[in-house]
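Student: This is a predicted model, with the sequence first.
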Amino acid sequence: MTGMDIKKEIEDLRKQIKYHNDRYYNMDDPEISDYDYDRMSQQLRRLEQEHPEYSDLDSPTQKVGGTAKREAGILVKHNVPMLSLQDVFDKEEVISFVEKVQKERPDTVFIVEKKIDGLSVALRYTEGKLTMGVTRGDGTNQGEDVTDNVKMI
């Protein structure tokens, strides 16, 4: 593949992923499976790592989640970014991760669970009392205040 072909593939993947992010996070109407989306994202991450000359801070690989919607409620700044976990697709990726962690921290113990799709919320407590619930929003800067909704759960 030529440099221009690679650049075009990266641009096409970014465009497709941004489209599917909007469908999933903002419209709540995904068109592709999580598996297909994850594969597409993994391909883009791989290409960006192999070709850093095409890096872009606006790439979907540099962001987490959707955008917090102003019309939905009050926006709140995150105290700590709500980032995402790295997806793995095969046994070799899991083994590689475990070996990397154990090299740094040999005493590490792992707990593995199935991934359940759902909503992420940061809960803030003051003196044991729930004071705020904030959605992931954009994952790094701000989310939506959903405190009243959380109190009903």
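Tutor: Arrived safely.
Student: Give me the buried positions along the lengthiest helix in the chain.
Tutor: The longest helix of the chain (DSSP state H) is helix 3-21. Of the residues in helix 3-21, those buried under the neighbour-count criterion (16 or more other Cβ atoms under 10 Å) are 9-10, 13-14, 16-17, 20-21. C-beta here means a position set from N, CA and C on the backbone, and glycine is covered the same way.
Student: One more: stretch 41-52?
Tutor: By neighbour count with 16+ other Cβ under 10 Å, stretch 41-52 contains the buried residues 41-42, 44-45, 47-48.
Student: out of the buried residues of helix 3-21, which one sits closest to residue 132?
Tutor: Using Cβ to Cβ, the shortest approach to residue 132 within the buried residues of helix 3-21 belongs to residue 21, at 25.7 Å.
Student: I'd guessed that closest one sits against residue 44; true?
Tutor: No. Contact criterion Cβ atoms under 8 Å: residue 21 and residue 44 do not qualify, at 11.9 Å.
Student: Read off the pLDDT value for residue 73.
Tutor: At residue 73, the predicted lDDT confidence score is 69.
Student: Repeat that for the one 4 residues further on.
Tutor: Looking at residue 77, its pLDDT stands at 89.
Student: what about stretch 124-142, start to end distance?
Tutor: For stretch 124-142, the first and last residues are 14 Å from each other (Cα to Cα, to the nearest Å).
Student: quick one, strands of this protein?
Tutor: With DSSP state E applied, the chain shows strands at 75-77, 121-126, 129-135, 142-144, listed in chain order.
Student: JSON lines for those, including distance to residue 31 and mean neighbour count?
Tutor: Below are the strands of the chain laid out as JSON lines (distance: least, Cβ to Cβ, whole Å; neighbours: other Cβ atoms under 10 Å):
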{"stretch": "strand 75-77", "distance to residue 31": "27", "mean neighbour count": "16"}
{"stretch": "strand 121-126", "distance to residue 31": "25", "mean neighbour count": "13"}
{"stretch": "strand 129-135", "distance to residue 31": "22", "mean neighbour count": "17"}
{"stretch": "strand 142-144", "distance to residue 31": "24", "mean neighbour count": "21"}
